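# could you look at this predicted model? Sequence included:
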Amino acid sequence: MAQRKIYDISIPISESMIVWPGDGKVEISQLSHLSKGDASTVSQIYMGSHTGTHVDAPSHFIAEGREADNLDLNLLTGPALVVDARGFESITARSLEKLSIPRKTKRVLFLTKNSQFWSENESEFRKDFTAITEDGAHWLVSRGIGLIGIDYLSVAPFNNGIPTHKALLGNDVIIVEGLNLSGIEPGSYELVCLPLKISGIDGAPARAILIEKP
């Protein structure tokens, strides 16, 4: 039986990575190191809960909402559809109608022009990224989609982030942000996306992979 190909769609965490404006930069230091004669190398990492590839929990925008350590693992793993939205400047309800997402789809990852930013190793934050509008978010909720992923650091437009987040998180839709879908062909895959199990937190970094369908 041939081994199925695995695609890592996560962004590497490093001190030079792009973070959301106002969030703290990533800092990585060594508490001990073999090169210094220590018995082991141990690193310390400082970063925000929404660094790189990460999952938004409802508590990010919804009072009393579910936190990152209590998200549904059945939604974070399973069949996912990568849709080609590179022709859209924003993902609206009208855009979504044109994408022909099949009924009963539970997990949708949007491949947009944003992934080009990662493939070109841009070093500055982009405010003009493709995002989902409020009416687009309501469209996704109405279709019963339980997880959506986007290939930049926010699912919502830069200057208007609250409505989209509230529409999705208020209906327990899991949001995965900061995916790198460059090199990924649109189509059906198996998704595995597991946020770090940190108690009482509004979001958490995750390692996300796509597994080729047999």
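The structure has been received and is ready for your questions. Residues are numbered from 1 along each chain as shown.

# right, and the helix or strand after the lowest-mean-pLDDT helix or strand in the chain?
Here the helix or strand of the chain ranked lowest by mean pLDDT, DSSP states H and E is helix 114-119, holding a mean of 93. Using DSSP states H and E, the helix or strand that follows helix 114-119 in sequence is helix 134-142.

# and whichever helix or strand comes after that next one, how far out from the chain middle?
Sequence order places strand 147-150 as the next helix or strand after helix 134-142, per DSSP H and E. In terms of Cα atoms, centre = their mean, to the nearest Å, the centre of strand 147-150 is found 6 Å from the chain centre.

# what do you get for stretch 44-57?
In terms of Cα atoms, centre = their mean, the centre of stretch 44-57 is set 11 Å apart from its chain centre.

# buried ones in that stretch?
47-57 (16 or more other Cβ atoms under 10 Å). The way it works is simple: take the backbone N, C-alpha and C, and place the C-beta from them, glycine included.

# start to end distance for it?
The stretch stretch 44-57 measures 24 Å between its terminal residues, going by Cα to Cα, to the nearest Å.

# pLDDT score for residue 69?
On pLDDT, residue 69 comes in at 94.

# just say helix, strand or coil for it.
helix (DSSP: H, G, I helix; E, B strand; the rest coil).
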